[in-house]
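In: any chance you can model this:
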Amino acid sequence: FASSAGLFLFGRSVDVDSYDRPVLLSAPLAPNGVGPFVLASSADLHDFSSVGTALTESHAFLFGGYSTSATGASVEIDSVLALPADLAAGTLGTSNAISPLSAPRRYISTLVHGGYVYAVGGYSSSTPRPALDVGKIESGGAITWAAPVDMPGEVSGTYGVHSAAVCAEGQRMYVVGGTF
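Out: Numbering: from 1, shown residues only. Take a look at the predicted model:
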């Protein structure tokens, strides 16, 4: 995500204690490129991983993922967490659970474009062909989801497309690569 405050990378990192946590890296933009990245903020959150991430000027979002049950099994989740983000200060606030995805899944690809968030596919061991979820980002970080849209069968495979790159050009979204 680029803004007048710099370039920001938001994602998940595993530290030396093997604890999966969201991190926000920032770097200043300069005429000759990008300055060095620094750890702007990290936050300890729930015990889950393989989430989709998205960043706007005011919020960071974590979509889906999975956690480990008491029996040791991986369980996909449908949670969406919103964290207030102060990009000028490079900080993340406390997470808030907001409206969930249409189905539990992990390895979700995400895109923020034109005031909407697109949660593309993802892997689900229980739900074939996870949908495309489209939500309007409201003030305060809430997301109002529309009815999910099925991914086309020829691109979604048995378990859906996951781990893809997603970008937009004008009013068209592109899903590139990933696993089917």
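In: give me the neighbour count for residue 175.
Out: When neighbours are counted by other Cβ atoms under 10 Å, residue 175 registers 19. Glycine gets a C-beta too; all of them are placed from N, C-alpha and C.
In: tell me the bridge partners for it.
Out: Residue 175 has these beta-bridge partners by DSSP bridges: residue 166.
In: wait, it sits on residue 119?
Out: No: at 11.9 Å, residue 175 does not count as touching residue 119 under the criterion of Cβ atoms under 8 Å.
In: need the helix or strand of this structure with the lowest average pLDDT.
Out: Within the chain, no helix or strand scores below helix 153-156, which has a mean of 54 by mean pLDDT, DSSP states H and E.
In: okay, which residue is most central for this protein?
Out: In the chain, the centroid-proximal residue (Cα atoms, centre = their mean) is residue 53; its distance is 1.7 Å.
In: export only the CA atoms of whichever strand or helix holds that one, formatted as CSV.
Out: Per DSSP states H and E, residue 53 falls inside strand 52-55. C-alpha atoms of strand 52-55 as CSV (Å, rounded to 0.1, in the frame of the first residue of the first chain):
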residue,chain,number,x,y,z
GLY,A,52,-5.6,-13.1,3.8
THR,A,53,-4.4,-9.5,4.5
ALA,A,54,-5.5,-6.1,3.3
LEU,A,55,-4.5,-2.5,4.2
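In: what comes up buried for it?
Out: Neighbour-count burial for strand 52-55 flags 52, 53, 54, 55 (criterion: 16 or more other Cβ atoms under 10 Å).
In: that one: how far from the chain's middle?
Out: Here the centre of strand 52-55 is set off from its chain's centre by 3 Å, with Cα atoms, centre = their mean, to the nearest Å.
In: contacts for that strand next, please.
Out: 1, 8, 10-12, 22, 24, 60-65, 85, 107-112, 117, 119, 122 (Cβ atoms under 8 Å, 6 or more residues apart in numbering).
In: put the buried members of the residues you listed into a ChimeraX selection.
Out: A single ChimeraX command is used to select the members of these judged buried by 16+ other Cβ under 10 Å:
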select :1,8,10,12,22,24,60,61,62,63,64,65,85,107,108,109,110,111,112,117,119,122
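In: format the buried residues of strand 52-55 as a markdown table; extra columns: pLDDT and distance to residue 74.
Out: Shown next, in a markdown table, are these (pLDDT from 0 to 100; distance: Cβ to Cβ, whole Å):
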| residue | pLDDT | distance to residue 74 |
| --- | --- | --- |
| 52 | 85 | 16 |
| 53 | 84 | 19 |
| 54 | 86 | 23 |
| 55 | 85 | 26 |
